[in-house]
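Asks: Sequence plus the predicted model coming up.
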Amino acid sequence: MNVLVLGAGQLARMMALAVKPLNINIRAFDVGSGNVVDPLSTNMTFGNLTQGIEFADFITAEFEHIDHQTLALCQASGKLRPSSQAIKVGGDRRLEKDLLVKCDVANAKHKIIETKADFDQALNNLSFPLILKSALAGYDGKGQWRLKDKAKAEDVWLDIKAFFDGGEHGVKHAVVAEQMVPFDREVSLVGARDSQGNTVVYPLTENHHTNGVLSVSIATKVDEVLQAQAKKVFDSIATELNYIGVLAIEFFQIGEQLLVNEIAPRVHNSGHWTQQGADTCQFENHLRAVCDLPLGSTELIRPSAMINILGEDEVPNEILNVASTTLHWYGKSKRAGRKMGHINVSGNSEKQLAARLSLLADMLPEAAFEELTPYVKVFK
Ligand code: ATP
Ligand code: MG
Ligand code: MG
């Protein structure tokens, strides 16, 4: 089976690594260069998009910010999974909020802003503090403004207006204003849906962010009531989108309630732990769904965590001395804050996992991994 992935980053690379044993060959469309490449060796090219589409039995995507012309071409081939519509929803917060409302799932109170009048209405109808997010092209906390109270509102508006006038992507721009949610923690649900409508989900994963970027994800045994609540949301969103493939949903947890933050129509950073902590990893399950193969078990094998390596191109080799620890590099050039690789670690119990995380925390540079500290404390 041949699959073309739109995007040639680490997610396409990990898909290729995961499904080689299934005899699935992955090529990746590098949206920057317009070339179809080998995801494991991106300077090896196989032609242009048209040739990539011809090569493929199925087409999928590793990220949601793909230009609509490319999506339309792939959709027209009848091979694209999930559909262009599902990918667009993940790339435009206006469509995303509409979907959440349509599926009747709880989310933060919000208002879509395209004009000054909308902005003023948001200030009057929502409670502070607010977070304002660019409707398009936002990821890793980029394109966001925070507003504590009315005092700085005019400055933020001027900034947003300049952003609109910049005319990014040549489309009329918008931001979504949301009430800040006083969450107890952030969790995400990664799951897969096949073309028959079967769904499987992994255990809810607890996520920690550093400067708006995911730094640590932890998967342990979860509360069944919470898991059922998340699964219900997953099923209603995936069904509404007639979704095929892996879909991730980010939640804010307040007490026992989950509010949806956003969705990602793809494999997700908070699912990397499944490479060693689950029966079938998210990358394999994504391709199983896309290629009409039976979905694999999402059972947690043992408590696991993933630590992102941000902006560093080396870590001390001694981390590999810590039992049940694996290291994945993405082969990218070093840039401040960039996702360069990740570390997975597992334990037979939460206590053992915490002990191993504690060992890792001592070996890793503090700045990049400060988020480990609170977790290690929680489970000690
Ligand atoms: P990514 O796609 O990389 O996950 P993003 O740029 O799409 O990130 P969000 O997930 O919307 O951004 O926001 C980044 C982080 O900011 C969230 O994980 C959360 O920590 C915080 N945040 C976002 N919205 C809210 C909110 N309404 N209330 C409280 N915190 C929020
Ligand atoms: Mg996002
Ligand atoms: Mg997010």
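Replies: Received, thanks. Note that the coordinates shown come from a computational prediction; the quantities given were computed from them, not determined experimentally. Ligands and ions are numbered 1, 2, ... in the order given.
Asks: number of nearby residues for residue 111?
Replies: 20 (other Cβ atoms under 10 Å). Any C-beta I mention is one placed from the backbone N, CA and C, and that applies to glycine too.
Asks: Can you classify it by secondary structure?
Replies: Three-state call for residue 111 (DSSP: H, G, I helix; E, B strand; the rest coil): strand.
Asks: Equivalent analysis for residue 270, please.
Replies: Applying three-state DSSP: residue 270 is helix.
Asks: Contact partners for it?
Replies: Neighbour list for residue 270: 188, 190, 205, 207, 214, 217, 248, 250, 306 [criterion: Cβ atoms under 8 Å, 6 or more residues apart in numbering].
Asks: what pLDDT does it get?
Replies: If you check residue 270, the pLDDT there is 98.
Asks: cool, and residue 213?
Replies: We have a pLDDT of 85 for residue 213.
Asks: about what we covered before: who wins for neighbours among the contacts of residue 270?
Replies: Busiest of the contacts of residue 270 [other Cβ under 10 Å] is residue 190, holding 32 neighbours.
Asks: And that residue, how far from ligand 1?
Replies: 13 Å (Cβ to the nearest ligand atom, to the nearest Å).
Asks: Can you tell me whether I have it right that that residue is in a strand?
Replies: Yes. Residue 190: assigned to a strand according to three-state DSSP.
Asks: Quick one: neighbours of the closest residue to it other than its chain neighbours, just the number.
Replies: Nearest residue to residue 190, sequence neighbours excluded (Cβ to Cβ, 6 or more residues apart in numbering): residue 271, at 3.8 Å. Burial of residue 271 is recorded as 30 neighbouring residues (other Cβ under 10 Å).
Asks: is it true that residue 271 touches residue 192?
Replies: No. With contact defined as Cβ atoms under 8 Å, residue 271 does not reach residue 192; the gap is 10.1 Å.
Asks: who touches both of these two?
Replies: Counting by Cβ under 8 Å, 6+ apart, the residues touching both residue 271 and residue 192 are 246, 282.
Asks: got the contact list for the residue nearest to residue 190?
Replies: 188, 190, 202, 205, 217, 246, 248, 281-282.
Asks: Among the contacts of residue 270, which are located in strands?
Replies: Judged by DSSP state E, the contacts of residue 270 include 188, 190, 205, 207, 214, 217, 248, 250, 306 as members of strands.
Asks: Next to ligand 1, which bits of the stretch 101-250 of the chain? Give me the list.
Replies: Counting by Cβ under 6 Å from any ligand atom, the residues of the stretch 101-250 of the chain close to ligand 1 are 108, 131, 133, 138-142, 178, 180-181, 186, 209, 212, 250.
Asks: Pick out the one among the residues you listed with the largest number of neighbours.
Replies: residue 178 (22 neighbours).
Asks: buried ones in the longest helix along the chain?
Replies: Scanning the chain for the longest helix, with DSSP state H as the assignment, gives helix 224-240. Counting neighbours by 16 or more other Cβ atoms under 10 Å, one finds that the buried residues in helix 224-240 are 226-227, 229-231, 233-238.
Asks: Might you list the low-confidence residue ranges for the stretch 51-200 of the chain?
Replies: Scanning the stretch 51-200 of the chain with the threshold set as pLDDT under 70 gives 167-172.
Asks: same question but for the stretch 251-380 of the chain, I mixed them up
Replies: 366-380.
Asks: contacting residues for the residue minimising distance to the centre of the chain?
Replies: Nearest to the geometric centre of the chain sits residue 268, at 3.6 Å (Cα atoms, centre = their mean). Residues near residue 268 by Cβ under 8 Å, 6+ apart: 188, 190, 246, 248, 282.
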